[in-house]
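Trainee: any chance you could fold what I've pasted below:
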Amino acid sequence: MADFDRNFLLINQAYAEFAEVEEKDVIGTSSLGNSWLPKEIIAKNLSKVREVIENKEVIVRERMINPGRSDESYWDVTKFPVFNDQGDVVAVGGIGMDITEQKKVEQSVRLSDKAAELERGKLQPSIDSLQECFAYFNQDKKLVNFNKSSADRYSYLKEN
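Mentor: Prediction:
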């Protein structure tokens with residue numbers, strides 16, 4: 001959590017470990033001096049902090065840090081206003097969660113789905129050449145594919 005001048009008021013243990021700092025060395029210092037964040041990220045962060053202060057609303061967004069580099073990472077970031085008893089914003093809090101592994105899994109699933117779709121496309125002419133009705137279902141008993149004979153016989157509308 002930081003004040004309007006972006007001086008740290010509070011950090012948690014996870015932040016201290018991530019930034020490799022001691023809480024006592026950070027409280028009261030400027031968050032603008034984070035050596036682990038690129039300058040362009042700091043500039044975007046300031047813009048979002050101003051937005052939180054002006055609108056008095058929470059902002060949630062996903063960020064990529066160090067795109068294309070070996071240390072590329074993805075973060076789910078939440079910035080939120082902290083109010084005093086009179087309803088004035090007195091600080092801005094932030095929560096960041098590393099979602100890099102989740103993003104890698106999502107990308108892997110997308111690539112796998114794309115590969116499966118290509119394979120289905122290669123099989124479709126063979127499936128359609130069958131004179132018998134042919135259909136297959138997934139483990140949830142949802143229809144995955146069928147051939148032309150099945151479509152004709154059961155009046156399915158097949159999407160192309």
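Trainee: going by C-alpha atoms from here, please, whenever you check contacts or count neighbours.
Mentor: Fine.
Trainee: so how far is the lengthiest helix in the chain from its chain's centroid?
Mentor: When the chain is parsed with DSSP state H, its longest helix is helix 100-129. The chain centre lies 21 Å from the centre of helix 100-129; the measure is CA atoms, centre = their mean, to the nearest Å.
Trainee: what lines up beside the helix or strand that comes right after that helix in the sheet?
Mentor: Per DSSP states H and E, the first helix or strand lying C-terminal to helix 100-129 is strand 135-137. Using DSSP bridges, strand 135-137 pairs in its sheet with strand 143-146 (antiparallel).
Trainee: distance between the next helix or strand after the partner strand and the chain's centre?
Mentor: Using DSSP H and E, the next helix or strand after strand 143-146 towards the C-terminus is helix 148-154. Taking CA atoms, centre = their mean, one finds helix 148-154 lying 42 Å from the centre of the chain it belongs to.
Trainee: in the longest helix of the chain, what counts as buried?
Mentor: 100, 127, 128 (16 or more other CA atoms under 10 Å).
Trainee: which helices and strands sit right next to that helix?
Mentor: Applying 3 or more CA pairs under 8 Å, 6 or more residues apart in numbering; DSSP states H and E, one finds that helix 100-129 contacts strand 73-83, helix 148-154.
Trainee: quick one, what contacts the residue most central in space within the chain?
Mentor: Closest to where the C-alpha atoms of the chain average out (CA atoms, centre = their mean) is residue 62, at 5.1 Å. Counting by CA atoms under 8 Å, 6 or more residues apart in numbering, residue 62 touches 74, 75, 76, 77.
Trainee: the first one contacts residue 100, doesn't it?
Mentor: Looking back up the chat, that one is residue 74. Yes - in this structure residue 74 lies within contact range of residue 100 using CA atoms under 8 Å: 4.7 Å.
Trainee: any chance of the contacts of residue 62 in JSON lines, plus neighbour count, distance to residue 85 and pLDDT?
Mentor: Below are the contacts of residue 62 laid out as JSON lines (neighbours: other CA atoms under 10 Å; distance: CA to CA, whole Å; pLDDT from 0 to 100):
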{"residue": "74", "neighbour count": "20", "distance to residue 85": "35", "pLDDT": "92"}
{"residue": "75", "neighbour count": "17", "distance to residue 85": "32", "pLDDT": "91"}
{"residue": "76", "neighbour count": "15", "distance to residue 85": "29", "pLDDT": "94"}
{"residue": "77", "neighbour count": "16", "distance to residue 85": "26", "pLDDT": "91"}
